[in-house]
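Asker: what's the 3D shape of this:
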Amino acid sequence: MNLGASELVVFREVILPLVRPALISVFMLAFTDAFGEFVVAWFVAGFTETLPITIWTSLRQVISPKVYALSSVIILVTLGISLVSQLWVIRQTRLTSKVQTS
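Answerer: Residues are numbered from 1 along each chain as shown. Got it, this is the predicted structure:
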């Protein structure tokens, strides 16, 4: 800011790139934790049927192919997000090592 940049430019160009890995990690951990909190979702949801409640209801009855398909989609999405985040970390590491060597 002492070189004339506005607060928005400083946030976008300096602060956001520094905190982006932490934000992505927090998002992934919060999603995983919230998805695993079945009991809380069951008590808080009321008459609304959330995804964990749907899965649990399907498992109490006869296990339907929908549960297998849904779990496969969840696993693939989780693996995809993990792969993208790892590739991003590798790319950022290579970029910072190139900058430091030059």
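
Asker: top helix in the chain by residue count?
Answerer: Criterion DSSP state H: the longest helix present in the chain is helix 65-101.

Asker: enumerate the positions of stretch 67-77 that are buried.
Answerer: Taking 16 or more other C-beta atoms under 10 Å as the neighbour-count basis, stretch 67-77 is seen to contain the buried residues Val67. Using the backbone N, CA and C atoms, a C-beta is placed for each residue, glycine as well.

Asker: pull the distance from that stretch to the chain's centre.
Answerer: From the chain centre to the centre of stretch 67-77 is a distance of 16 Å (C-alpha atoms, centre = their mean, to the nearest Å).

Asker: ditto for stretch 75-92
Answerer: The gap between the average C-alpha position of stretch 75-92 and the chain average comes to 10 Å, counting by C-alpha atoms, centre = their mean.

Asker: wait, isn't Met28 in contact with Val84?
Answerer: No: using C-beta atoms under 8 Å, Met28 and Val84 do not qualify as a contacting pair, with a distance of 10.8 Å.

Asker: quick one on the thing from earlier: helices or strands up against the longest helix of the chain?
Answerer: Secondary-structure packing of helix 65-101 (3 or more C-beta pairs under 8 Å, 6 or more residues apart in numbering; DSSP states H and E): helix 16-36, helix 51-60.

Asker: ok, Met28 and Val84, which is more surrounded?
Answerer: When Met28 is set against Val84 and neighbours are counted by other C-beta atoms under 10 Å, the residue ahead is Met28, at 14 against 11.

Asker: circling back to that earlier point, want to try a markdown table for the helices and strands packed on helix 65-101, with mean pLDDT and distance to Gln100 as columns?
Answerer: Listed next are these as a markdown table, based on pLDDT from 0 to 100; distance: least, C-beta to C-beta, whole Å:
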| stretch | mean pLDDT | distance to Gln100 |
| --- | --- | --- |
| helix 16-36 | 82 | 16 |
| helix 51-60 | 74 | 44 |
